[in-house]
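Visitor: The sequence isn't on hand, but the structure is:
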C-alpha cells in the first residue's frame, strides 16, 4: 500500500468535497435554502442526490455481503429498487409530493404531513420516529465504510468511524441540504464510475459473463450447509418457496428495502427541492441509470467473489472472512483488484457513505429542531436553523455510539429493519396524503400510530432475528417468540405493519370528521390543470 499515493488521493477527494460544500454554503442565503434547497435544484443534482442517498455502503458492503453468502437471488431487490424506488416514486409520488409541498410551503416530511392534515401531533410524532429510529440506519452505513478502511487500509475501525463522522458533520452543519445535495452529486458521480469499472473488471478477471456464472453454478455442492438447511439451493438459484431463507429474502430484504424505500423521509424531501414537474421528469432517466448500475454491480460482485476465492484459496467467501459477511466486499476488492483501484474504490465507498450519512444527519437534525422542538415551542421551521444544527450534532453522536455496540454482519439487516419501520408507519399515510382527499386527521393519526406499534410489537415478540436478540419476549414469556409455528417467526414485520396501518387509516377516516374543505382545496390547488 503506497501511503503517499493514498494520501494524495484522499486529500484531492477531501478538497473537492470541501470546495463543493463551500459553494453550497455561499449559496445558502436563507433558512429555506438550508432546509429545502430553495426549491430550485438542478435535475442532475436532485437525481444524483436521491440516488447517492438511496445507495449507500449498506447496499454495496452490506447487501453485497449478503449476495456473497446467499447468491444472486438478491438481484430481485435491484429490480424492485428500479421499478419502485425510481419509476413509481418519481412519476406517481414525486410530482404530487412536490406540488402539494409547494402549495403548503412544507420544508420537511413531518411538516408536510402536519400541514396536509392540520395536526401538530403528526409533526411531533413523525419527527420522533425519524430522530430516534434513523440512527439505526446511519450507524450501519457508517460501519460499512469503516469496515472497508479497516480491511483494506489497516486503519483502526474506531478511528475510521470518528474521521467519517467529523467530515460529514462539518458540511451538513454549515451547508444545510444544499451542502448535502451538491456533495451528493459529486459523490454519486464518483460512485457510478467506480462501480462501472468494478463490474467490467470482475467479469474480465473471471473469463467473461458466461464463464463466471457457470463457475458459480458449478460451485453449488460447496453451498453453505446452514443456508441449505434454511432453504437455499445455491448461489444462482432462488431459495425454496416458503422456507425460512425464502421469507427472509423476500419479506425482509427485497420487500423491506424495495418497498420501504418510497417511505423514506430523507428521499421524499428531495421531491420538494425542485421547482417543477419538468425537473422531475428529467431526473427519472438519470436516477434510473444510476440505480440500475449500483446495486446490480454490488450483488453480482458479491456473488462472484465466491468463484475468485475458491480458485485462489479453495474457500468460499464466507469462509475467507470468518463468517463476518460485512467484510466480503472489502476483502475481495483488496485481494482481487489492482492496488490503484483499491484507492478508487475507497473513494467510491467514501462517497457512498458520506452521501447517505449527510442526508440522514440532515433529516434527523430537521426532525429534532424544526419538527419536534419547533412545534413544541410554536415557532416556524425557518426560525430554528440553529436548533436544527444541534439536532445534527446529536444525530452524529447517536450513530457513533450505535456503531460501537452493534454486532457484526448487521449492515443489511439494520437497513431493511429501519426501512420496514418507515414503511409500516408512513407508507399508507404518505400515499393517502397525496391521493385521497377523504383522509381525515384522525385517520392519519390512527394510521401512523397503528403501523408503528404493530411493527415494533412484531420486532420485539414475533420476528425471531430481532426478538431473540433483544430477549424481551424470552424474559416475559419464556420463549424467544410468541408464535413458533412456521412461517411466523421469519415473516418480516413489514407484512403486518403496512396492512394494519392502511386498515386503521381507511376505517377511521370513513367514520370521523372530514378535513376543512379550504385546506383540501389549498393542498390540491392546480391539480386540475396538470
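Guide: Cool, got the structure. Note that the coordinates shown come from a computational prediction; the quantities given were computed from them, not determined experimentally.

Visitor: most residues in a single helix of this structure, which one?
Guide: Longest helix in the chain, counting residues (DSSP state H): helix 157-205.

Visitor: moving C-terminal of it, what's the next helix or strand?
Guide: Downstream of helix 157-205, the first helix or strand assigned by DSSP states H and E is helix 209-218.

Visitor: Pull out the buried residues from that following helix.
Guide: Residues 212, 213, 215, 216 are the ones in helix 209-218 that count as buried (16 or more other CB atoms under 10 Å). Heads up, the C-betas are built off the backbone N, CA and C, glycines and all.

Visitor: Tell me how many other residues crowd residue 478.
Guide: Residues lying near residue 478 (other CB atoms under 10 Å) number 7.

Visitor: Specify which member of the buried residues of helix 209-218 is nearest to residue 355.
Guide: Distance to residue 355, by CB to CB, is smallest for residue 212 among these, at 29.5 Å.

Visitor: Quick check: that closest one touching residue 200?
Guide: No: Residue 212 is beyond contact range of residue 200, at 11.8 Å (criterion: CB atoms under 8 Å).

Visitor: Look up the closest residue to residue 356, ignoring the ones flanking it.
Guide: Of all residues not flanking residue 356 in the chain, residue 56 sits nearest, at 3.4 Å (CB to CB, 6 or more residues apart in numbering).

Visitor: my bad, should have said residue 489
Guide: Using CB to CB, 6+ apart and skipping the chain neighbours, the partner closest in space to residue 489 is residue 464 (3.9 Å).

Visitor: Report the residue spans of the stretch 1-150 of the chain with pLDDT below the cut-off.
Guide: Scanning the stretch 1-150 of the chain for pLDDT under 70 picks out 1-7, 21-22, 24-40, 57, 148.

Visitor: contacting residues around stretch 452-465?
Guide: With contacts defined as CB atoms under 8 Å, 6 or more residues apart in numbering, stretch 452-465 is touched by 129, 248, 252, 413, 417, 420-421, 424-425, 466-467, 470, 472-473, 480-483, 488-494, 496-497, 500-501.

Visitor: and the residue nearest to residue 373 when sequence neighbours are not counted, what are its phi and psi?
Guide: Computed as CB to CB, 6+ apart, the closest residue to residue 373 that is not its neighbour in sequence is residue 387, at 5.2 Å. Backbone geometry at residue 387, expressed as degrees, to the nearest 10, gives phi -70, psi -40.

Visitor: so where's the stretch 301-450 of the chain uncertain?
Guide: Looking along the stretch 301-450 of the chain with the criterion set at pLDDT under 70, you get 380-384, 408-412.

Visitor: What ranges does it have for its strands?
Guide: Applying DSSP state E, counting those that start in this stretch to the stretch 301-450 of the chain gives no strands.

Visitor: Next one: the spatially most central residue of the chain from residue 419, what distance?
Guide: Here the mean C-alpha position of the chain is nearest to the C-alpha of residue 54 (CA atoms, centre = their mean), at a distance of 5.1 Å. From residue 54 across to residue 419, the span is 11 Å (CB to CB, to the nearest Å).

Visitor: Quick check: neighbours shared by the two?
Guide: The contact sets of residue 54 and residue 419 overlap at residue 261 (CB under 8 Å, 6+ apart).

Visitor: Just the buried ones from the contacts of stretch 452-465?
Guide: The buried subset of these - by 16+ other CB under 10 Å - is 129, 248, 252, 413, 417, 420-421, 424-425, 466-467, 473, 480-482, 488-494, 496-497, 500-501.

Visitor: wait, isn't the residue nearest to residue 356 in contact with residue 354?
Guide: No: Residue 56 is beyond contact range of residue 354, at 9.3 Å (criterion: CB under 8 Å).

Visitor: circling back: what is the neighbour count of the residue nearest to residue 373?
Guide: As a burial measure, residue 387 scores 19 neighbours (other CB under 10 Å).

Visitor: who's in contact with it?
Guide: Going by CB under 8 Å, 6+ apart, residue 387 touches 368, 369, 370, 373, 374.

Visitor: Can you get me a residue count around residue 526?
Guide: Neighbours around residue 526, by other CB under 10 Å: 10.

Visitor: Next up, phi/psi of it, please.
Guide: The phi/psi pair for residue 526 (degrees, to the nearest 10) is phi 90, psi 0.

Visitor: Measure how buried the nearest residue to it once chain neighbours are set aside is and give me the count.
Guide: Among residues not flanking residue 526 along the chain, residue 99 sits closest, at 6.3 Å (CB to CB, 6+ apart). Neighbour count of residue 99, defined by other CB under 10 Å: 21.

Visitor: Quick check: which element contains residue 99?
Guide: Element membership of residue 99, judged by DSSP H and E, is helix 95-104.

Visitor: after that helix comes which helix or strand?
Guide: helix 109-117.

Visitor: In terms of secondary structure, what does that following helix contact?
Guide: helix 95-104, helix 120-153, helix 265-268, helix 411-435, helix 441-461 (3 or more CB pairs under 8 Å, 6 or more residues apart in numbering; DSSP states H and E).

Visitor: And those: which comes nearest residue 23?
Guide: Nearest to residue 23 among those is helix 265-268 (21.6 Å), distances taken as CB to CB.

Visitor: what packs against the closest one?
Guide: helix 43-54, helix 109-117, helix 120-153, helix 339-366, helix 411-435.

Visitor: Show me what that helix is in contact with.
Guide: Helix 265-268 is contacted by residues 50, 53-54, 89, 93, 97, 108-110, 112, 126, 130, 134, 261-262, 359-360, 362-363, 367, 422, 426, 430 when judged by CB under 8 Å, 6+ apart.

Visitor: ok, now with 6 Å
Guide: Residues from elsewhere that reach helix 265-268, judged by CB atoms under 6 Å, 6 or more residues apart in numbering: 53, 109, 130, 359, 360, 363.

Visitor: and those residues, which two are the farthest apart?
Guide: Once CB to CB is applied, the contacts of helix 265-268 give 53 and 130 as the farthest pair, at 14.2 Å.

Visitor: Report the distance from the helix holding residue 99 to the chain centre.
Guide: From the chain centre to the centre of helix 95-104 is a distance of 23 Å (CA atoms, centre = their mean, to the nearest Å).

Visitor: Can you tell me which of the buried residues of helix 209-218 is nearest residue 322?
Guide: The closest of these to residue 322 turns out to be residue 216 (CB to CB; 21.4 Å).

Visitor: That closest one reaches residue 309, doesn't it?
Guide: No: in this structure, residue 216 is not within contact of residue 309 by CB atoms under 6 Å, at 11.4 Å.

Visitor: Can you check which residues contact both of the two?
Guide: Listed as contacting both residue 216 and residue 309 by CB under 6 Å, 6+ apart is no residue at all.

Visitor: would you turn the helices and strands packed on helix 265-268 into JSON lines with distance to residue 523?
Guide: Output for the helices and strands packed on helix 265-268, formatted as JSON lines (distance: least, CB to CB, whole Å):
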{"stretch": "helix 43-54", "distance to residue 523": "23"}
{"stretch": "helix 109-117", "distance to residue 523": "6"}
{"stretch": "helix 120-153", "distance to residue 523": "14"}
{"stretch": "helix 339-366", "distance to residue 523": "21"}
{"stretch": "helix 411-435", "distance to residue 523": "8"}
